[in-house]
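>>> Here you go, sequence then predicted model.
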Amino acid sequence: MNYSPELVQFLGSLVAILAVAGLAWWMKLGGAPELSNEKEAQAAASEAMDGFESVETAVDANGRGAILRDRSGCLLLLKQHGNKFAGRLLTHSATGRIDKDKLVVDSGERRFGVVALAIDHAQSWADRINEVRSASDA
Amino acid sequence: MPDFSPTEYAVPGFVLLVLIEMIWAWRRRPDAYEPRDTLTSLAFGLGSTVSGLLFGGFFFLLFLGVWEYRLIDFGPEWWAVWWAWPLCFVLDDLKYYWVHRAGHRIRWMWAAHVNHHSSQHYNLSTALRQTWTGPFTFGFLFAMPLVLLGFHPLMIAICGGFNLIYQFWIHTEAIDKMPRWFEAVMNTPSHHRVHHATNPRYLDRNYAGVFIVWDKMFGTFEAESDDEKIRYGIIKQLGSFNLLWAVFHEWIGMLSDIWRAPWKHKLSYLLREPGWTHDGSRDTSDTIRARWQERQAAENSVASENAIAGEQEPA
Ligand SMILES: [Zn+2]
Ligand SMILES: [Zn+2]
C-alpha cells in the first residue's frame, strides 16, 4: 500500500501530541484549584473582570465556582476551567434555577455552559439572575 | 534554488524542549501545565501545518508573480548574495511587528490571531498554538513591500521560518530575565509574557517577533513589572477546551456581529479593534486601560492625601 508522506507525517504527529498530553496527565500536571473562601473568589473575580468589586459573594461548597454581585447589581459567574477560573458577567440570556438544593446557572453561552453551585440562599441568587433577564425583556 | 523549510527541522527540538519544560513544571510549577490545554495547543500546531500545506502554495505563487515586478534585482543567484539574508531577516521582522500589531487592532486579523492567545497558560506548548485561519485574512499584503523590493519569496519564507523558531523558546515562565543587553535588543520570555497578559497595563503591548526595538521605536513597549502577577489569555476567556470552538469562535462572533449590525456599521465590525461596538456596549483594550488608569489615579490621590495627613507611607 502507498501512503502519501504528508499523511504519514500527520498521523505520526498526531500520535506524538497525544503522547505529550498523556505524559502531562500522567505526571499529574495541572491540578484543580479551589476557591476556599470569599476573598479568594473576589480575587479570581477581579482577575476575570478587571476592577470587579464584589459586595456580595457566594462560594461553591466544593470551591469549584462562585457567583458575585457588585454595587451596580451586575452578577459575575466563576467556574473552574482546567486549573484556572473563567468568568462571565451574566446577561439577559442567562438563567438560574434550583436543582437538588444547588443553584444551576446557565450562562446562556453554549460553550461556557452550565455551572452548578452549592451555596446558601440559592433561590434568591436564582431570582436575581432571572431578574436580569426580565429587566431587559421589558 | 534551495528548497528548505527550517520549521520542519525544528519540530523534534520543539518536542524535546516541551518535555524538558514539563519536567521543570513537575518539580517546581505543576500548575504551569494543564493536560487538556496542552492537547488543544498542540492540536492547533498540527492543524496550522495542515493549513499551511493547503494554502501556502497559493500565496507562494502569488508572491512569485509579484516578484516579477521587483525594484532591485539580486541576480539569478540571489541566494548567494550573503548580505541580503540578514537584511531580509531584519526587514521581515519589521514586517512581523506590523502584521502582529494589525492582528491585535483589526478584528478581521484578530479573528485568526486570537488562537495564539486563547490559552490561560503560558508555556512552550502555547508557542505551538498557531492559527489555522491566517490565509483568510489580509496578512499576506504586509509582505508585498519586501517582495517588491526584490527579496525572493523563498528567502522571505526562510527568514520567516527562523523568526518563528526564535519565538518558540520565549514562551516560558521558567526563565525570568535574560542579561540586560539582551533584554534591551531582543524579544525575551519577560517581554513576551507581557504580550500574552490580560492585565490592563499590558494590553496591546510588545508585538515584537525577534527584536524588541520595534516596540520601543513605535511606542508599544511595556516592561514586565515584578510586583504585578500576570494573568494570561484573552479578556473573555473561552472557558472551553473544544478545539473547533477555539479555532473559529472569533470568526463566528465577528460574522454574527456584522450580520446583525446596521448597514453603515457593518464594515467597522470587520476593520475596527476587537470589542468595538457601534453602541459602546462592549469593552475594548482601550476602554479597559482607561478605566484602570482612572482607578489607579483615584487610589494614588487617596494615598497622597493620607500621606499629607501625616501617615508615614512610603511613596
Ligand atoms: Zn499576539
Ligand atoms: Zn506568543
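Received, thanks. Ligands and ions are numbered 1, 2, ... in the order given.
>>> residues in contact with B:Ala223?
Taking Cβ atoms under 8 Å, 6 or more residues apart in numbering or on different chains as the criterion, B:Ala223 is in contact with B:Ser190, B:His191, B:Val194. In short, each C-beta sits where N, CA and C put it, glycine included.
>>> are any of those buried, and which?
Among these, those classed as buried by 16 or more other Cβ atoms under 10 Å in any protein chain shown are B:Ser190, B:His191, B:Val194.
>>> Select the helix or strand of chain A having the lowest average pLDDT value.
Of all helical and strand segments in chain A, the minimum by mean pLDDT, DSSP states H and E falls on helix A:122-137, at a mean of 82.
>>> show me where chain A has strands.
Using DSSP state E, the strands assigned to chain A run over residues A:54-59, A:65-70, A:75-81, A:84-89, A:95-99, A:102-106, A:114-117.
>>> Those strands: which one's closest to B:Leu271?
For these, proximity to B:Leu271 was assessed by Cβ to Cβ; strand A:84-89 is nearest, at 26.3 Å.
>>> and that closest one with strand A:102-106, angle?
70 degrees (axes from the mean of the first three to the mean of the last three Cα atoms, to 10 degrees).
>>> Quick test: name the residue nearest the centre of chain B.
B:His100 (5.7 Å; Cα atoms, centre = their mean).
>>> Looks like it contacts B:Gly209 (just checking).
Yes: using Cβ atoms under 8 Å, B:His100 and B:Gly209 qualify as a contacting pair, with a distance of 6.9 Å.
>>> count of neighbours near the nearest residue to B:Phe136 once chain neighbours are set aside?
Spatially, and ignoring its direct neighbours in sequence, B:Phe136 is nearest to B:Ala112 (6.7 Å; Cβ to Cβ, 6 or more residues apart in numbering or on different chains). If you count neighbours by other Cβ atoms under 10 Å in any protein chain shown, B:Ala112 ends up with 21.
>>> do the one 3 residues further on as well
Here the count is done by other Cβ under 10 Å, and B:Asn115 has 25 residues near it.
>>> same thing with B:Leu255?
By other Cβ under 10 Å, the residues close to B:Leu255 number 14.
>>> Tell me which residues touch it, please.
Here B:Leu255 is in contact with no residues (criterion: Cβ under 8 Å, 6+ apart).
>>> Write out the residues of the stretch 101-250 of chain B neighbouring chain A.
By Cβ under 8 Å from any Cβ of the partner chain, the part of the stretch 101-250 of chain B that sits against chain A consists of B:120-121, B:125, B:198-200, B:231, B:236-242, B:245, B:249.
>>> Which ones among those map onto helices?
When DSSP state H is applied, these are split such that B:Ser125, B:Trp245, B:His249 fall in helices.
>>> Which helix or which strand is home to B:Leu148?
helix B:144-149 (DSSP states H and E).
>>> Rounded mean pLDDT for the helix or strand following that helix, please.
Sequence order places helix B:153-169 as the next helix or strand after helix B:144-149, per DSSP H and E. Across helix B:153-169, pLDDT averages out at 96.
>>> how does chain A divide into domains?
Structural domains assigned to chain A are A:1-30, A:38-137, following automatic domain parsing.
>>> mind checking pLDDT for B:Met186?
The model reports B:Met186 with a pLDDT of 98.
>>> That one contacts B:Gly209, correct?
No: when contacts are counted by Cβ under 8 Å, B:Met186 is not listed as touching B:Gly209 (10.3 Å).
>>> neighbour count winner among the two?
The residue with more neighbours, out of B:Met186 and B:Gly209 and counting by other Cβ under 10 Å, is B:Gly209; that gives 22 against 17.
>>> Can you tell me how far the more buried one is from chain A?
As defined by Cβ to the nearest Cβ, to the nearest Å, B:Gly209 lies at a distance of 24 Å from chain A.
>>> and the closest residue to that residue other than its chain neighbours, how many neighbours?
If you skip the residues right next to it in sequence, B:Gly209 has B:Tyr96 as its closest partner in space, 3.9 Å away by Cβ to Cβ, 6+ apart. Using other Cβ under 10 Å, B:Tyr96 has 24 other residues around it.
>>> follow-up on the earlier one: with respect to A:Ala118, which of the residues of the stretch 101-250 of chain B next to chain A is nearest?
Using Cβ to Cβ as the measure, the one of those that approaches A:Ala118 most closely is B:Gly239, at 19.6 Å.
>>> any idea of the pLDDT on the closest one?
Looking at B:Gly239, the pLDDT reads 95.
>>> pretty sure it contacts A:Gly82?
No: taking Cβ under 8 Å as the contact criterion, B:Gly239 and A:Gly82 are not neighbours in contact, 9.5 Å apart.
>>> of those two, who's got more company?
Just comparing B:Gly239 and A:Gly82: by other Cβ under 10 Å the higher neighbour count belongs to B:Gly239, 26 against 23.
>>> and which of the contacts of B:Ala223 is nearest to chain A?
Each of those was scored against chain A by Cβ to the nearest Cβ, and B:Val194 proved nearest at 15.8 Å.
>>> Which of the helices or strands spans that closest one?
Under the criterion DSSP H and E, the helix or strand holding B:Val194 is helix B:189-196.
>>> residues in contact with that helix?
Under the criterion Cβ under 8 Å, 6+ apart, residues B:117, B:122, B:126, B:167, B:169-178, B:183, B:202, B:205-208, B:212, B:215, B:221-224, B:230, B:232-233 lie in contact with helix B:189-196.
>>> Of those residues, keep whichever come out buried.
Buried subset of the contacts of helix B:189-196 (neighbour count, 16+ other Cβ under 10 Å): B:117, B:122, B:126, B:167, B:169-173, B:183, B:202, B:205-208, B:212, B:215, B:221-222, B:224, B:232-233.
>>> and chain A, which of its residues are near chain B?
Counting by Cβ under 8 Å from any Cβ, the residues of chain A near chain B are A:6, A:10, A:13-14, A:16-18, A:20-25, A:27-31, A:33, A:47-48, A:50-51, A:79, A:81-84, A:86-88, A:111-113.
>>> Please list only the buried members of those.
Of the members of those, the ones counted as buried by neighbours, 16+ other Cβ under 10 Å, are A:10, A:13, A:17, A:20-21, A:23-25, A:29-30, A:33, A:47-48, A:50, A:79, A:81-84, A:86-88, A:112.
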